[in-house]
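> take this sequence and fold it.
(one chain, ligands or ions: 1)
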Amino acid sequence: MPNNSKSKKQPVAVFFGCDNKYVKFLSVALVSLIANASARRHYEIHVLHTDITEENQRTIQAMATENISIAFDNVEADLHHIVDQLPVRDYYSLSTYFRFVIADKFKQYDKAIYVDSDTAIVADIAKLFDINIGNKYLAAVQDAVVATVPVASAYVQKVLGVRPEYYFNAGMIVINCKQWREHDVLGQFIQLVGFYNFVVAQDQDYLNVICKNKTYPLSKRWNCQSLKLWGINPNDLGIIHYNFGLKPWHDINCLYSEYFWKYAPLSPYFMEIKAEFARITPEEMESKRAVGAKVITMCQEEIDRKDNFMALVSKKRTAQPLISQHQEMVDLVSRIRYVNA
Ligand SMILES: [Mn+2]
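Here you go, the predicted model:
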């Protein structure tokens with residue numbers, strides 16, 4: 001949109017990806033979004049899913065207001081279409097691909113926000129939507145783990161070839177749908193999956209490689225990751241993302257947990273959320289805590305691999321210096337497909 005006053009009238013498009021088991025936590029993200037929305041704007045919320053029951057859809061849709069619509073979009077066919085094109089299959093759960101269908105499936109939007117369901121939206125999300133991100137592919141916030149854990153930072157630099165300060169967290173991204181369609185970001189992703197299997201952060205690593213130098217860096221307030229206090233002014237929180245270790249519905253001491261529990265009583269699933277909080281055992285909490293340590297081990301293993309992503313890319317580059325990195329992937333993938341056929 002060329003002029004600002006016109007773009008302000010655009011509906012604020014917000015996408016979540018969710019499964020049936022997670023609906024109760026999504027409801028808290030929605031409650032908080034609605035509580036902080038402006039009465040003067042229109043919000044079009046879409047929940048991408050494959051298995052959410054009609055009953056749960058009705059419960060969530062009852063939360064819609066005059067200016068906030070909530071639609072459920074079953075994307076099973078779209079995801080299978082993507083999986084069918086992947087040269088390498090069955091590595092990830094289908095939900096990994098949710099955010100990749102948005103630009104191509106929803107052509108009515110030039111821009112859309114994708115947010116994980118493990119979030120609390122404590123400021124008006126329209127303010128995020130209105131940020132002009134130019135012709136970048138997406139806007140996102142730096143990843144807190146990569147920024148603060150040395151081995152994770154070494155991993156993104158040495159294996160992905162991305163500078164740690166530019167490596168973003170993909171739990172909240174503002175997607176420039178127009179650019180995604182124009183540059184076929186989905187196609188680039190499919191090619192890259194054929195070239196290399198990123199095991200550490202999966203879709204987040206792929207997005208960081210594809211969108212290298214094409215990312216608009218956002219203020220940390222739009223993805224306040226619950227890892228640790230990270231220089232974010234507590235009066236300036238925008239979207240809280242319970243992205244690491246224990247979630248607030250399991251651990252009352254989780255950072256920013258008070259925001260989740262502020263909005264949870266307004267959710268139609270409050271009883272279920274409380275039951276989940278009461279259900280978790282200390283053993284289960286311990287095993288959830290251990291997930292972080294596993295990621296650290298994987299970072300080191302990837303750094304040590306002789307045939308890691310950077311090694312493969314630079315090997316090809318030395319052999320054929322005139323061919324672009326992208327073209328190399330296309331060639332490689334077409335060869336893999338040929339062999340498989
Ligand atoms: Mn998340």
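> would you quantify the distance from the nearest residue to residue 101 once chain neighbours are set aside to the ion?
Among residues not flanking residue 101 along the chain, residue 78 sits closest, at 4.5 Å (Cβ to Cβ, 6 or more residues apart in numbering). C-beta here means a position set from N, CA and C on the backbone, and glycine is covered the same way. Counting by Cβ to the ion, to the nearest Å, the gap from residue 78 to the ion is 21 Å.
> touching, residue 78 and residue 106? I think so.
No. When contacts are counted by Cβ atoms under 8 Å, residue 78 is not listed as touching residue 106 (10.5 Å).
> these two: which has the busier surroundings?
More neighbours surround residue 78 than the other of residue 78 and residue 106, with 20 against 17 (other Cβ atoms under 10 Å).
> and what about that one, helix, strand or coil?
helix (DSSP: H, G, I helix; E, B strand; the rest coil).
> quick check: residues of the protein near the ion?
116, 118, 171, 243 (Cβ under 5 Å from the ion).
> confirm that the last one sits in a helix.
No. Secondary structure assignment (three-state DSSP) places residue 243 in coil, not in a helix.
> list the contacts of residue 312.
Contact partners of residue 312, counting by Cβ atoms under 8 Å, 6 or more residues apart in numbering, are 195-196.
> gap between it and residue 195?
Distance from residue 312 to residue 195, counting by Cβ to Cβ, to the nearest Å: 7 Å.
> any regions of the stretch 151-300 of the chain where pLDDT drops low?
Within the stretch 151-300 of the chain, no stretch has pLDDT under 70.
> which single residue of it ends up nearest the ion?
The minimum distance from the stretch 151-300 of the chain to the ion, using Cβ to the ion, falls at residue 171 (4.0 Å).
> which secondary structure element contains that residue?
Per DSSP states H and E, residue 171 falls inside strand 168-176.
> could you pull out the strands for the stretch 51-200 of the chain?
With DSSP state E, counting those that start in this stretch, the ranges of strands along the stretch 51-200 of the chain come out as 68-74, 111-115, 119-121, 138-142, 168-176.
> and the last one, how far from the chain's centre?
Spelled out, it's strand 168-176. Taking the mean of its C-alpha atoms, strand 168-176 sits 6 Å from the chain's own mean (Cα atoms, centre = their mean, to the nearest Å).
> relative to that strand, what are the paired strands and their orientations?
Taking DSSP bridges as the criterion, strand 168-176 pairs within the sheet with strand 111-115 (antiparallel), strand 138-142 (antiparallel).
> can you put these in TSV and add mean neighbour count?
What follows is the strands paired with strand 168-176, written out as TSV (neighbours: other Cβ atoms under 10 Å):
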stretch	mean neighbour count
strand 111-115	24
strand 138-142	24
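> in JSON lines: those strands, plus distance to residue 211 and mean pLDDT.
Formatted as JSON lines, these follow (distance: least, Cβ to Cβ, whole Å; pLDDT from 0 to 100):
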{"stretch": "strand 111-115", "distance to residue 211": "13", "mean pLDDT": "97"}
{"stretch": "strand 138-142", "distance to residue 211": "6", "mean pLDDT": "97"}
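> any chance of these in TSV, plus distance to residue 201?
Shown next, in TSV, are the strands paired with strand 168-176 (distance: least, Cβ to Cβ, whole Å):
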stretch	distance to residue 201
strand 111-115	16
strand 138-142	13
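> which one of the ones you listed lies closest to residue 123?
Using Cβ to Cβ as the measure, strand 111-115 is the one of the strands paired with strand 168-176 that comes nearest residue 123, at 12.6 Å.
> surely residue 131 touches residue 174?
Yes. Between residue 131 and residue 174 there is a contact under Cβ under 8 Å: 7.2 Å.
> of those two, which one has the most company?
residue 174 (22 against 13).
> let's have the strands of the stretch 51-200 of the chain in TSV, adding distance to residue 158.
Output for these, formatted as TSV (distance: least, Cβ to Cβ, whole Å):
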stretch	distance to residue 158
strand 68-74	39
strand 111-115	28
strand 119-121	30
strand 138-142	18
strand 168-176	18
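> quick one: the helices in the stretch 101-250 of the chain?
102-105, 125-129, 144-148, 150-155, 177-182, 185-195, 203-210 (DSSP state H, counting those that start in this stretch).
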